[in-house]
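>>> pasting the structure only:
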């Protein structure tokens, strides 16, 4: 009775699967998980970008309705179990701790996201090394790319959705631009591939690079100090959009991916940093437009209530304010396709 109670899915966790997705991810994940049967011999951890005010229950309920997995929102300290799916809760990062249990934190955003994909992928790479399968699916921008690089450097297997099969191809394309993925294929072919990969021996374990361990510790809040960030790269003349602190350029990805970190834990790829800068510029310009309009209205009122030189001076300054208003409005309302791409999310 004791052996029977444990069941197939209570066997030792040998390999783990981590999945990252953003826009279009709901349908993609449902389609992928639908190919897998009961008794699946690995736990699956999923990060899907979502806003802080959502629950993620739509995906949770859809996966539970399929009936082949036990799907739940991840909770800190939970033990990984084969045949279970763990979803990142909204506004929280999902990771695996050093004891190979689940860790859920409200740490600093990465790539302007919480939950973010990179912390999960990086933590899984540190704890499972070559016994991890990382999957990047449809989505905007490039969250997950650094995590896939970490998985690759630790000897894990990298699987990428064929961009031609993805509803939003940016995330898969960015991974493929940075690493030689082990597999790039449509979602419809991923189910059989996962069974194949789980049946294969893992081979020899590689040493985990120190910089990946450092970033893992920063994300888990064990280590977040200046010496740690200094070990990852050099300071650059940019400010962190999240906290206003100094940024460091991370030089350890062994590729062309530009990434930045601040000492409090915020992290950005160059694309996500550009996105945040663009948003800040736009916010500042709208504020400036409002202030110039208020200034013009006040000067116009003063000109009407005064006479002589004072009235003339006020009107001249009102006209000058209108010139600034027209210039700012022209910039804000221009069809700037590059700026529009910057703030895509």
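It's in. Please read these numbers as outputs of a predicted model, since none were measured by experiment.
>>> in the protein, where is pLDDT below threshold?
Scanning the chain with the threshold set as pLDDT under 70 gives 1-10, 222-224, 252-256, 335-345.
>>> now the helices for it?
Using DSSP state H, the helices of the chain run over 2-6, 25-33, 57-66, 117-128, 145-153, 170-178, 190-199, 210-219, 226-230, 270-305, 308-333, 337-342.
>>> would you format those helices as JSON lines with distance to residue 162 and mean neighbour count included?
Glycine gets a C-beta too; all of them are placed from N, C-alpha and C. Formatted as JSON lines, the helices of the chain follow (distance: least, Cβ to Cβ, whole Å; neighbours: other Cβ atoms under 10 Å):
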{"stretch": "helix 2-6", "distance to residue 162": "38", "mean neighbour count": "7"}
{"stretch": "helix 25-33", "distance to residue 162": "12", "mean neighbour count": "20"}
{"stretch": "helix 57-66", "distance to residue 162": "22", "mean neighbour count": "15"}
{"stretch": "helix 117-128", "distance to residue 162": "18", "mean neighbour count": "28"}
{"stretch": "helix 145-153", "distance to residue 162": "15", "mean neighbour count": "27"}
{"stretch": "helix 170-178", "distance to residue 162": "7", "mean neighbour count": "22"}
{"stretch": "helix 190-199", "distance to residue 162": "10", "mean neighbour count": "16"}
{"stretch": "helix 210-219", "distance to residue 162": "27", "mean neighbour count": "21"}
{"stretch": "helix 226-230", "distance to residue 162": "36", "mean neighbour count": "15"}
{"stretch": "helix 270-305", "distance to residue 162": "21", "mean neighbour count": "16"}
{"stretch": "helix 308-333", "distance to residue 162": "38", "mean neighbour count": "14"}
{"stretch": "helix 337-342", "distance to residue 162": "22", "mean neighbour count": "12"}
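>>> any chance of these in TSV, with distance to residue 108 too?
Shown next, in TSV, are the helices of the chain (distance: least, Cβ to Cβ, whole Å):
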stretch	distance to residue 108
helix 2-6	39
helix 25-33	23
helix 57-66	24
helix 117-128	10
helix 145-153	15
helix 170-178	21
helix 190-199	32
helix 210-219	8
helix 226-230	12
helix 270-305	13
helix 308-333	30
helix 337-342	22
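>>> closest to residue 247 out of those?
Closest approach to residue 247 among the helices of the chain is made by helix 270-305 (7.9 Å; Cβ to Cβ).
>>> quick one: the closest one to helix 170-178, angle?
Angle, helix 270-305 to helix 170-178, by axes from the mean of the first three to the mean of the last three Cα atoms, to 10 degrees: 130 degrees.
>>> separation between the closest residue to residue 209 other than its chain neighbours and residue 228?
Nearest residue to residue 209 in three dimensions, chain neighbours excluded: residue 153, at 5.7 Å (Cβ to Cβ, 6 or more residues apart in numbering). Per Cβ to Cβ, to the nearest Å, residue 153 is found 19 Å from residue 228.
>>> could you do residue 267 as well?
Residue 267 sits 13 Å away from residue 228, going by Cβ to Cβ.
>>> just residue 333 next, same as before
44 Å.
>>> go on, residue 281?
Going from residue 281 to residue 228 by Cβ to Cβ gives 31 Å.
>>> spit out the contact partners of residue 121.
18, 20, 134, 144, 146-148, 150-151 (Cβ atoms under 8 Å, 6 or more residues apart in numbering).
>>> try 7 Å
Residue 121 makes contact with 18, 20, 134, 144, 147-148, 150-151 under the criterion Cβ atoms under 7 Å, 6 or more residues apart in numbering.
>>> these into a markdown table, with extra columns for distance to residue 74?
Shown next, in a markdown table, are the contacts of residue 121 (distance: Cβ to Cβ, whole Å):
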| residue | distance to residue 74 |
| --- | --- |
| 18 | 12 |
| 20 | 14 |
| 134 | 17 |
| 144 | 17 |
| 147 | 17 |
| 148 | 20 |
| 150 | 20 |
| 151 | 19 |
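>>> quick one: which of those is nearest residue 289?
residue 144 (36.4 Å).
>>> need phi/psi at the closest one.
Dihedral pair for residue 144: phi 100, psi -20, per degrees, to the nearest 10.
>>> next, count neighbours for it.
Counted with other Cβ atoms under 10 Å, residues neighbouring residue 144 total 34.
>>> looking at the helices of the chain, which is closest to residue 89?
Of all the helices of the chain, it is helix 57-66 that lies closest to residue 89, at 10.0 Å by Cβ to Cβ.
>>> what does the closest one contact?
Helix 57-66 is contacted by residues 26, 29-30, 33-34, 48, 69, 71, 73, 85, 87 when judged by Cβ under 7 Å, 6+ apart.
>>> hmm, residue 49 is touching residue 24, no?
No: counting by Cβ atoms under 7 Å, residue 49 sits too far from residue 24 to count as a contact (10.5 Å).
>>> what's the overlap in contacts for the two?
residue 139.
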